[in-house]
Structures are given as structure tokens and as C-alpha cells.
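>>> Sequence and predicted structure are below.
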Amino acid sequence: MDSLEGKKAPAFTLEGSDGKKHSIKDYLGKKVVIYFYPRDNTPGCTKESCGFRDLNAEISDLNTVVLGVSKDSLPSHDKFIAKFELPFTLLSDPETKMMAKYGAWGEKVLYGKTSIGCIRSTVIVDEKGKIVKHWRKVPKAEAHPAKVLEVLQGL
């Protein structure tokens with residue numbers, strides 16, 4: 001998929017770990033970091049999520065909300081949040097419709113094997129609903145949250 005930078009963030013409505021439905025339009029007036037990750041409680045996803053947790057206060061101070069998205073169920077998200085004390089909402093996309101719209105679902109290669117699945121990626125959406133940064137593939141999950149913060153600080 002081509003970069004989504006400069007485009008309007010695709011619409012979605014998904015259930016969140018907070019028991020509410022979430023849509024991109026709910027966040028107009030704030031910046032939103034949406035990070036897509038393959039699975040709760042796996043090494044890379046845990047490192048990335050904990051990185052966003054550790055930087056959450058600084059990110060929040062920049063009028064920014066963090067949302068994590070995977071196809072995991074809400075009960076799985078609840079356990080993941082409790083285990084690692086994640087202070088932000090995780091969205092469940094079991095049918096992968098939102099992930100597909102954001103280029104986070106499709107063909108990927110892992111250890112030389114091609115499969116279909118979640119592509120670890122992230123977008124930053126500005127206060128008007130436009131995507132201002134799109135990482136189509138996140139190479140190092142543990143280092144990524146700091147890079148996101150750096151970009152947010154420059155906006």
C-alpha cells in the first residue's frame with residue numbers, strides 16, 4: 001500500500017477495551033497515534049506497547065491519544081492491559097476491516113515465509129483528521145515509540 005500521508009484518515013468504528021465504541025471522528029481536535037500490532041502478549045508487541053506506556057504522559061502532554069489495534073478479542077486485550085498496566089485503549093478488529101483500510105493487513109514475509117497477517121505499522125492523525133505520518137512497516141518494535149514521540153514533538 002502507498003503511504004497514507006496527507007490523506008484523510010479512513011473512517012472506522014471499533015469496540016475498545018474501555019467498553020466504548022471508537023471512531024476517528026471522536027478524536028477531532030486531538031492528535032491520534034494509531035499503532036497496529038499482530039498479537040497481545042507476544043515479545044515484539046509487548047515491547048512496543050510498553051514503550052508507548054512509558055511515554056504516554058509525554059505523548060498526552062502533546063494533546064495526543066494513543067490507540068493500539070489488533071484482531072485480538074476484548075478479553076485478550078483486557079488481560080494484556082492488566083498484565084502490563086497499559087494506560088490507553090486497545091481496539092479489537094477481529095474482521096481486520098480497519099487494518100485493511102490503513103494498510104496494516106496483508107501479505108508479509110517473516111523468516112522467508114510469506115503469509116497474510118497484521119503488518120506492524122503506525123499512523124499519526126492530526127487534529128483535523130488528516131494523516132501526517134505513516135510508518136508502513138515498523139522495523140524495531142521496541143525503538144518505535146520513541147521515534148513516534150520525536151515526530152509528535154516536531155508537529
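Perfect, I can see it now. Numbering: from 1, shown residues only.
>>> For the residue minimising distance to the centre of the chain, report the pLDDT, please.
For the chain, the residue lying nearest the average C-alpha position, counting by Cα atoms, centre = their mean, turns out to be Tyr35 (1.5 Å). Among the per-residue scores, Tyr35 holds a pLDDT of 98.
>>> so it touches Ser70, yeah?
No: with contacts defined as Cβ atoms under 8 Å, Tyr35 does not count as touching Ser70, sitting 9.5 Å away. For every residue, glycine as well, the C-beta is placed using N, CA and C.
>>> I'd like to know which helix or strand in the protein has the lowest mean pLDDT.
The weakest-scoring helix or strand in the chain, judged by mean pLDDT, DSSP states H and E, is strand 105-110 (a mean of 86).
>>> what packs against the helix or strand following it?
Next in sequence after strand 105-110, counting helices and strands by DSSP states H and E, comes strand 113-118. Using 3 or more Cβ pairs under 8 Å, 6 or more residues apart in numbering; DSSP states H and E, the elements in contact with strand 113-118 are strand 105-110.
>>> Run me through the strand neighbours of the strand it packs on, direction for each.
Applying DSSP bridges, strand 105-110 is found paired with strand 113-118 (antiparallel).
>>> Find the helix or strand that Ile34 is a member of.
Under the assignment given by DSSP H and E, the secondary-structure element containing Ile34 is strand 31-36.
>>> Look at the closest residue to the residue nearest to the centre of the chain other than its chain neighbours and tell me its secondary structure.
Closest residue to Tyr35 apart from its sequence neighbours, by Cβ to Cβ, 6 or more residues apart in numbering: Thr122 at 4.4 Å. Secondary structure assignment for Thr122 (DSSP: H, G, I helix; E, B strand; the rest coil): strand.
>>> quick one: Thr122 and Leu152, what's the gap?
According to Cβ to Cβ, to the nearest Å, Thr122 stands 11 Å off from Leu152.
>>> which ones are touching Leu55?
Shown in contact with Leu55 (Cβ atoms under 8 Å, 6 or more residues apart in numbering): 145-146, 148-149.
>>> which of those residues count as buried?
The neighbour-count test (16 or more other Cβ atoms under 10 Å) applied to the contacts of Leu55 identifies 145, 148-149 as buried.
>>> where along this protein do the helices fall?
Counting by DSSP state H, the chain has helices at residues 43-54, 56-60, 74-84, 97-101, 144-154.
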